[in-house]
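J.: sequence plus the predicted model coming up.
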Amino acid sequence: MAHHKRGNSINWHYRFWQAQTPDGVKPFKSKSFSLLKYGDMHAYALAVAARKKFEAALLQDLIPR
């Protein structure tokens, strides 16, 4: 889970789960899911699913056609 400060307010944080492409993969991709919008458990599940999708796409690119 990550926190980002937004705007001029020091006390306001944007909380989210974030999926990222595996280390060293170019181009780097990420996808974030807001805890406020989805809730903690659903945002986490969406981030895990997005990471698996990133990995599946990477494997698909490695398979010769």
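T.: Arrived safely, thanks for sending.
J.: please, which helix or strand holds the nearest residue to Y44 once chain neighbours are set aside?
T.: The spatial neighbour of Y44 that comes closest, neighbours along the chain excluded (C-beta to C-beta, 6 or more residues apart in numbering), is W17 at 4.9 Å. (Each C-beta comes from the backbone N, C-alpha and C, glycine too.) Assessed by DSSP states H and E, W17 sits inside strand 13-20.
J.: partner strands of that strand, with direction?
T.: strand 2-5 (antiparallel), strand 30-34 (antiparallel) (DSSP bridges).
J.: weakest of those strands in terms of mean pLDDT?
T.: Mean pLDDT values for the strands paired with strand 13-20 show the minimum at strand 2-5, a mean of 58.
J.: and the residue nearest to Y44, how far is that from D61?
T.: With distances taken as C-beta to C-beta, to the nearest Å, W17 is found 25 Å from D61.
J.: thought A43 was touching Y14?
T.: No. Under the criterion of C-beta atoms under 8 Å, A43 makes no contact with Y14, lying 11.9 Å away.
J.: so the residue nearest to Y44 bridges to which residues?
T.: On the basis of DSSP bridges, W17 is bridged to F33.
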